[in-house]
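Asks: Sequence and predicted structure are below.
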Amino acid sequence: MRLSFARSEDPGDGRVGATPETVATLVDRGLEIEVETEAGTAAGHDDEAYRQAGATVVDADKLLATSEALVTVAPPSPERIAALPEGSALIGFLRPVHNTDLALALVERRITALAMELVPRISKAQAMDALSSQAGIAGYKAVLIAANAIDKLFPLSMTAAGTVKPARVVVLGVGVAGLQAIATAKRLGATVKANDVRAAAADEVGSLGADFVHIPGVTDQSDGVYAKNLGADLARAQHEALAPHVAQADAVICTAQIPGRDAPVLLTAEMVDRMPAGSVVVDLAAEDGGNCELSGSGEPLDRSGTRVIPAPRLAASMPREASALYARNVVNLLARIVTDEGELDVDADPELAGFLFTRGGEVLHEPTAAALASAQDTTEAAS
């Protein structure tokens, strides 16, 4: 099988799905590897390094035209999908539900698309969980952005001129990104509080030396791996309970995301208005609507002396480390779905079936199929 690795179309995202190290591993497994020209430049890997690892380096036109399976990081454009051979495969972050144009393009070309967002959160799939590998980087970088943006020190500082109290940080959402944000803020010397709808998150937060904000009826949700959108009454209770903690925070890091869904609104404009002057909100969920209701524009803004910073795809700001982790995720995934003869078999492991996005001209991800049907109904009603 010819496995192709594409360069990102976004000039601000230098991540790539293969490193010379992982190319060598895939070549040893009998795969033919092609890498797009300068695909790894931003991640610190030049074309010659890929050639020495056993890959062929080609331009975009040839890469797309001859690919049997294309690996990307960010979703490719519909134009790139149209250039792929009909019936080929695609692996990458595909933004289920939110990117219906891409879904339609995949259906038209009868592409078998595997969405990295949909890799199941089970023990055997941990090594291929790219959401987690990228989220860890994002949580770390979010705290650094916050520390740089606020007008006070993060750590306690005792000087001859007096004592400077540590920064107060609130982390909303305690998945991988949230836990990394907590750990990073603690290492920088801040005091940290955190909240999540999952009751099990309290122990995780405590293990990192932070305080968990328990909200009766909200953080009593049954254990799961993702945040949940609450009903109107519980969401209101969550806002009211978090408001006094947010009002004292120098930085709020928003990390709650649900793959294939809009992000839950955890921070209202009114809550931001009550934050101290000079404080900051960093919202990792901005691409999916935002945990802060002020993040929708996608642009940084000042609100009552608080800076709100939408920070989508923050892992892309560290392309070398992010690419290294993502490339290993891809290798571990392929180990499960490529046969000994070097052929792609997406049915090889039934426990991984949920990561199939499209196949044979159909959308298999039910929320995306529902979004497409709703969009079609709206169009027909308008006409």
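Replies: Sure, I can see it. All values derive from a computational prediction rather than experimental measurement.
Asks: Below-threshold pLDDT in the chain: ranges please.
Replies: Regions of the chain meeting the criterion pLDDT under 70 cover residues 220-230, 377-383.
Asks: Can you show me the helices along this protein?
Replies: Ranges of helices in the chain, per DSSP state H, are 20-28, 47-53, 60-66, 78-83, 100-108, 130-149, 176-187, 201-207, 232-247, 269-273, 319-337, 366-382.
Asks: Residue 65 contacts residue 85, doesn't it?
Replies: Yes: at 7.2 Å, residue 65 and residue 85 qualify as touching, with contact defined as Cβ atoms under 8 Å. Where you see a C-beta, it was placed from the backbone N, CA and C, and this is true even at glycine.
Asks: More neighbours: which of those two?
Replies: Neighbours were counted for residue 65 and for residue 85 using other Cβ atoms under 10 Å; residue 85 has more, 15 against 12.
Asks: what's the neighbour count on residue 324?
Replies: 19.
Asks: whoops, I mixed them up, residue 355
Replies: For residue 355, the neighbour count with other Cβ under 10 Å is 21.
Asks: How about it, nearest residue that isn't a chain neighbour?
Replies: residue 118 (4.2 Å; Cβ to Cβ, 6 or more residues apart in numbering).
Asks: One more: residue 325?
Replies: That would be residue 133: by Cβ to Cβ, 6+ apart, it lies 3.9 Å from residue 325.
Asks: ok, that neighbour to residue 257 distance?
Replies: 15 Å (Cβ to Cβ, to the nearest Å).
Asks: More neighbours: the two, which one.
Replies: residue 257 (29 against 22).
Asks: how far away is the residue of the chain positioned farthest from its centre from residue 152?
Replies: Here the chain reaches farthest from its C-alpha mean at residue 160, the gap being 44.3 Å by Cα atoms, centre = their mean. Applying Cβ to Cβ, the value for residue 160 to residue 152 is 19 Å.
Asks: swap in residue 294?
Replies: From residue 294 over to residue 152 (counting by Cβ to Cβ), the distance is 22 Å.
Asks: neighbour-wise, which of these two wins?
Replies: Shown here are residue 294 and residue 152; by other Cβ under 10 Å, residue 294 has more neighbours (20 against 16).
Asks: so the more buried one makes contact with residue 304?
Replies: No: at 10.5 Å, residue 294 does not count as touching residue 304 under the criterion of Cβ under 8 Å.
Asks: what sits up against stretch 56-67?
Replies: 2, 4, 6-7, 32-37, 47, 50-51, 70, 80, 83-85, 88 (Cβ atoms under 8 Å, 6 or more residues apart in numbering).
Asks: now that stretch, how far from the centre of its chain.
Replies: In terms of Cα atoms, centre = their mean, to the nearest Å, the centre of stretch 56-67 is set 27 Å apart from its chain centre.
Asks: Tell me how many other residues crowd residue 232.
Replies: Residue 232, neighbours per other Cβ under 10 Å, totals 7.
Asks: Give me the buried positions along stretch 96-112.
Replies: If you call a residue buried by 16 or more other Cβ atoms under 10 Å, then stretch 96-112 has these buried ones: 96-100, 102-107, 109, 111-112.
Asks: Going by the annotation, which residue ranges form each domain of the protein?
Replies: Segmentation of the chain into domains, based on automatic domain parsing, reads 2-118+318-382, 137-317.
Asks: Save the ones you listed as a markdown table, and put in distance to residue 124 too.
Replies: As requested, the domains of the chain are arranged in a markdown table below (distance: least, Cβ to Cβ, whole Å):
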| stretch | distance to residue 124 |
| --- | --- |
| domain 2-118+318-382 | 7 |
| domain 137-317 | 14 |
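Asks: out of these, nearest to residue 128?
Replies: domain 2-118+318-382 (4.0 Å; Cβ to Cβ).
Asks: Let's see the distance spanning stretch 90-103 from one end to the other.
Replies: Stretch 90-103 has an end-to-end distance of 12 Å (criterion: Cα to Cα, to the nearest Å).
Asks: any idea how far it is from the chain center?
Replies: 13 Å.
Asks: Overlap in contacts, residue 294 and residue 304.
Replies: residue 272.
Asks: So what touches stretch 108-123?
Replies: Residues from elsewhere that reach stretch 108-123 (Cβ under 8 Å, 6+ apart): 81-82, 84, 86-96, 106, 125, 128-131, 225-226, 259-260, 329, 333, 337, 344, 346, 351-352, 354-361, 365.
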